[in-house]
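> turn this into a structure:
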Amino acid sequence: MSTKEKVVVTGFQPSGRLHIGNYLGMFKQAAAMQKEKGLKRYYFIADYHSLTQKYEPKQKSREIMEMAIDALALGIDPKKSTLFIQSHVPHHTNLAWIFNTLTPVGELERMVSYKEKVSQGQIANAGLLTYPILMAADILIYDADFVPVGEDQIQHLELTRAIARKFNQRFGKTFKEPQALLTKTPRVMSLNDPSNKMSKSIPSGCLFIFDSEAETTKKIMAAQTDSHKTIGFDPKNRPAVSNLVLIFAAFRGVSEKEIVKEFKNVGYKEFKAALAKEINSSLKPLRTRKKELMKEKSKITKLLEQNAKKMDRVASKKIEAVKSKVGLI
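Prediction:
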């Protein structure tokens, strides 16, 4: 690898069907990043992280494979990026344990994400609490220079940087402090309840990426709007229609203002029909690609196995250096 190349690391959590918020917030940008020169891209399926939520083992196995297929369908190119499964590289958890011994419990308890999940009814298991430490290991073990994150992950990345500093101060320079690549993540809200983020837990208001065209159109046409007669973008006072405008703009790759201008003399029915057409047109090649990949599971399994071996070699160099510095033999 050229010394000029920078390392980008990010993970995709396999916890069910992906919706357009996942696509617009992470995958679309991860795929686009592959066009940039001078970057080494490590994309992993964060299966260990997904175990912090209640799950069925057989279903989890399916979700992990489906996430691999989805990532490839959504543009992750195995010739330009290394896609692998987190649990296939044990050094992640080896390093996480060492980081556990350096991280105060209070630092973990103040994580906003942890407090939100517990308040929403998730069981406060130890894995949920120490999630950010494993995340730190995922990143630091590969000497990441950049980590694509949304605003909700900034606190976790700051903890990652703090762990790197603490280790370096105590044991000598070992880890880089990675920089955040803030993803331009649109806050996509539920189609039938714009006060809540789009979520698979409310399927009627959620546009799943791999829904059929008919299902997508049906959900868009039934989406909540308001009593105004014109299309507008005012998230505070007109959240429902503003959400639709935001989605349209994100798929078109233009500003919300441009969408409002284009449809200023159009009613909601015509606007929704145009939005459904835009989404289906954008997602059609991705949906087609997934159908093709579903027939190539053995090939994908082999790719993941090869990439795990590759990443194990990369990670082993760092973990051996770490073990030596902390006094393990």
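> for Met189, which non-adjacent residue is closest in space?
Among residues not flanking Met189 along the chain, Asn243 sits closest, at 4.5 Å (CB to CB, 6 or more residues apart in numbering). Where you see a C-beta, it was placed from the backbone N, CA and C, and this is true even at glycine.
> you'd agree the one you found is in a strand?
No: with DSSP: H, G, I helix; E, B strand; the rest coil as the criterion, Asn243 is located in helix rather than a strand.
> what's around it, how many residues?
25 (other CB atoms under 10 Å).
> for it, list the residues it contacts.
The contact partners of Asn243, by CB atoms under 8 Å, 6 or more residues apart in numbering, come to Val188, Met189, Leu191, Pro194, Pro235.
> for ChimeraX, write a command that selects the buried ones of those.
To isolate the buried ones among these in ChimeraX, judged by 16 or more other CB atoms under 10 Å, type:
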select :188,189,191,194,235
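> among the contacts of Asn243, which pair sits farthest apart?
Leu191 and Pro235 (14.9 Å; CB to CB).
> need the phi and psi values for Gln179.
Gln179 adopts backbone torsions of phi -100, psi 150, taken as degrees, to the nearest 10.
> bridged to it, which residues?
Phe146 (DSSP bridges).
> so who does it touch?
Counting by CB under 8 Å, 6+ apart, Gln179 makes contact with Asp145, Phe146, Val147.
> could you dump those into JSON lines and include neighbour count?
Below are the contacts of Gln179 laid out as JSON lines (neighbours: other CB atoms under 10 Å):
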{"residue": "Asp145", "neighbour count": "17"}
{"residue": "Phe146", "neighbour count": "18"}
{"residue": "Val147", "neighbour count": "22"}
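> now those residues in CSV, with pLDDT and distance to Ile202?
Shown next, in CSV, are these (pLDDT from 0 to 100; distance: CB to CB, whole Å):
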residue, pLDDT, distance to Ile202
Asp145, 97, 37
Phe146, 96, 33
Val147, 95, 29
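> and of those residues, the nearest to Leu129?
Closest to Leu129, out of all of the contacts of Gln179 and judged by CB to CB, is Val147, at 20.9 Å.
> re the thing from before, among the contacts of Asn243, which are in helices?
Judged by DSSP state H, helices contain none of the contacts of Asn243.
> which strand or helix spans the spatially closest residue to Lys184 that is not a sequence neighbour?
When the adjacent residues along the chain are set aside, Lys184 lies closest to Gln29, with 7.2 Å between them (CB to CB, 6+ apart). Here Gln29, judged by DSSP states H and E, is contained in helix 28-32.
> show me what the following helix or strand past that helix is packed against.
Sequence-wise, the next helix or strand downstream of helix 28-32 (DSSP H and E) is strand 39-45. Contact here means 3 or more CB pairs under 8 Å, 6 or more residues apart in numbering; DSSP states H and E; on that basis strand 39-45 packs against strand 6-12, helix 57-73, strand 81-85.
> so what angle separates the directions of strand 39-45 and strand 81-85?
20 degrees (axes from the mean of the first three to the mean of the last three CA atoms, to 10 degrees).
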